[in-house]
Structures are given as structure tokens and as C-alpha cells.
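Colleague: Quick one: sequence plus predicted model below, questions after.
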Amino acid sequence: MNNSLQQDKSQNKKVRIIGYDVARSIAVIGMVMVNYKVVMGASEKGPNWLIWLGELLDGRSAATFVILAGIGIAMFSHQRRIGQDKERIRQYQQTFFKRAVFLFVVGLLYMPLWPADILHFYGVYIAIAALFLTVSDRQLWLGAIGLSLAYVILIFTFDYEKNWDFSTLTYSDFWTFSGMFRHTFFNGFHPVIPWLAFIFIGMWLGRQEVESIQVRKRIFWIGVSMAATAEILSFTLTKMVPSELSFAFSTTPMPPMPLYILAGAGTAMIIIILCLELTFRYPNAQIFPPLVATGQLGLTLYVAHVVIGMGFLEMIGRLENQTLPFAIISAAIFSVLAIIFSYYWKKRFQRGPLEWVMRKVTE
């Protein structure tokens, strides 16, 4: 890696926008809560208001997490730094490819413990995104829209339920080439088509001058419009079509139909812009450093919430057949401990444990 690339990375660090880290911490906590209620079979075992609140998190936290990855890609390889310098573009692409391979391999190793892993998907997203570092904003949006529409064609062409046992959320034949390919690109938890759309939207967002309050306002209202439109259309259309076709207009993440992509992206924009607004307005608020640290240890905490958090609950016999309040409380306890751990870890070390390993392996 040459000096120019190292200087770019150093400059990127100096202008780090902590609102993105705060948003990432919220996304991680949201994913923990969703995963705990799912693995405990607790999604419907609670008061209606809590069930409704839990459903709001489904797919939204993960979408926010992926959009933030797209933002990170855009900020790491900003067009105004790399321009059309083919050599510099190639260097950035190599860095992303290495990280993609690392995340894909770690995700596969993680799969026996956590079949709903997002890391191996993440690896594929990043590898593909590396090929589109210099495309225009318009092309990013066209790509996101195209992926969403392509998925409609796929789902009416192929069998979405193939290999699935939805009663237990288990997927057979994953470790075959055809099974892994189908799961990764079409009918897994976070299939590349259409979830790559979130990366493209994040790359567009990462290019915006969010230091400007006018830009933040514009993006916020775009997000509100997208989320509101998706939810209103979903509520209306699912009541108008035969029940067997209602999935096509759902905003739930499985299967990820266009209205889900619209709702997920809109919700993510709202969350991210609110975090940016708060951190720009109150940069010295004491609540932010622990959340910033948590966001910067996202990879470590994502693995830890299964290995340590769920591992402990399984050890004491409280991982399965629990109530929704118990699942939420368990996730909240893990999240509080994760925030405390992250804050004190970052006081001593520059990067989280897995973040450090990834950097060492991929440099």
C-alpha cells in the first residue's frame, strides 16, 4: 500500500463523523434485540404493544447496519480523492476485496453457531461494491431500484421456499454449492439480490455533505417519504390482493420485496440523520463517547452477542421458549454490558479485537 493511500486513510480518520458510529451502535443493539427474540421463540409471546414494537425492529436494524457499511465504503474511497486515478482505484478495490474475503470466511465459520449470520453476506456485498466505487449517484440509485425489481422477477420464477423449514428457521443443503449460492443470492436471511441495494444507497449517502444542515434536512425528509410511502402502500395493498399474494406488498424482511427495501432504507436514513443531527448539535454530550465506542466495535459485538450472550443463556437453560419481555430484557442487559465494555476497551486500544484482526489480515 503506497503513501498516498495511507495519507487518505489518515485524513479520513481525522474527519471522522461520530454520528455514523452512534447510528451503528443503535443498529447493533437493534439487531441483538431482534435476534434474541427470534432465537428464543418469543416474537409473539408478550403484550400486543411490545409485539408491535418488536416487529418494527425486524429487518430495519440490519438494513441500517448495511447502509452504514455503504457509507463507510464511500467515505473510505471518496471520489474526490481517488478521482479517475486507476492505480489508486485498484488499491482501494484490493483492500475491499481482502476485507470481503475475511468477512465471508468468518461468516461461514460462524454459521454453525448462528445460521442467521450476516457476515458472509456482508463479504459478498463489499466485494461487489468495490467494483462500483466511481459510478455516479444516479447509477447507484438505478442499481438499487434495479436490484429491488429484479427480485420480484426472481421470486415469481424460482421457489423461494426451497431448502427452508420455516417452522424452525432451518435451511437444508447450505453446505452444497447450489444451496449456498441460492441462500446467498436469493432466499437466505439477507440475500445479495436485493440487499445489495442498501449498500448502494449507503454509498450515495456517504457522498453527501452531511455537515450541512440543509443536506441533512433533505435526506431526513427523503427517508420519511420513503418509509411512509412503503408502509401506507403495504397497509393498503395487502388488504386488496388475495392472501396468497399479500407477501408481494409486505414490508417484512423475508422475503425482501420492494416495499421492504423502501421502508428499510427510509427508516435507516431517518435513524442516521437523527444521530448526525444530535452529534453535530451536541458534540460534547457525555452519552456519545460510549455509543461511539460501541459502534466502532460492531463486528466484535455482533459475534459476541451469540458466542457470549446466547451461550450464557443456553448454559443456564433460558435460551429457548421464553417470553418476549424476557428476550428484550436479556438483550438490553447484553447491550448495556457491551456499551460498558466498548467504552473501556477503546480507552486502551485503538480497535476492537475482531476489528484489529481484520485490519492485520487485510493490510
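Modeller: In hand now; what should we look at?
Colleague: Not counting its neighbours along the chain, what's nearest Gly223?
Modeller: Spatial nearest neighbour of Gly223, chain neighbours left out: Met269 (2.9 Å); criterion: C-beta to C-beta, 6 or more residues apart in numbering. Any C-beta I mention is one placed from the backbone N, CA and C, and that applies to glycine too.
Colleague: which other helices and strands contact the helix or strand hosting that neighbour?
Modeller: Of the helices and strands defined by DSSP states H and E, Met269 is found in helix 258-281. For helix 258-281, the elements it packs on are helix 18-39, helix 60-76, helix 137-157, helix 192-206, helix 213-237, judged by 3 or more C-beta pairs under 8 Å, 6 or more residues apart in numbering; DSSP states H and E.
Colleague: Could you pull out the buried residues of it?
Modeller: Residues 258-277, 279-280 are the ones in helix 258-281 that count as buried (16 or more other C-beta atoms under 10 Å).
Colleague: any idea of the angle the helix or strand following that helix forms with helix 60-76?
Modeller: Downstream of helix 258-281, the next assigned helix or strand under DSSP H and E is helix 288-296. On the basis of axes from the mean of the first three to the mean of the last three C-alpha atoms, to 10 degrees, helix 288-296 is oriented at 90 degrees to helix 60-76.
Colleague: roughly how far is helix 288-296 from the heart of the chain?
Modeller: 17 Å (C-alpha atoms, centre = their mean, to the nearest Å).
Colleague: Kindly report the same for stretch 279-287.
Modeller: With C-alpha atoms, centre = their mean as the basis, stretch 279-287 stands 24 Å off its chain's centre.
Colleague: With stretch 200-207 instead?
Modeller: How far stretch 200-207 lies from its chain's middle: 13 Å, per C-alpha atoms, centre = their mean.
Colleague: mean confidence score for that stretch?
Modeller: Per-residue pLDDT over stretch 200-207 has a mean of 95.
Colleague: re the thing from before, show me the one of the helices and strands packed on helix 258-281 that comes nearest Gly295.
Modeller: helix 18-39 (3.4 Å; C-beta to C-beta).
Colleague: Tell me what angle the closest one forms with helix 258-281.
Modeller: 140 degrees.
Colleague: Mind giving me the packing neighbours of the helix or strand Ala304 falls within?
Modeller: Element membership of Ala304 [criterion: DSSP H and E] is helix 298-304. In terms of contacts (3+ C-beta pairs under 8 Å, 6+ apart), helix 298-304 is packed against helix 18-39, helix 324-348, helix 353-362.
Colleague: Columns mean pLDDT and distance to Leu205 on top of those, output as JSON lines?
Modeller: Converted to JSON lines, the helices and strands packed on helix 298-304 look like this (pLDDT from 0 to 100; distance: least, C-beta to C-beta, whole Å):
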{"stretch": "helix 18-39", "mean pLDDT": "93", "distance to Leu205": "10"}
{"stretch": "helix 324-348", "mean pLDDT": "94", "distance to Leu205": "24"}
{"stretch": "helix 353-362", "mean pLDDT": "90", "distance to Leu205": "22"}
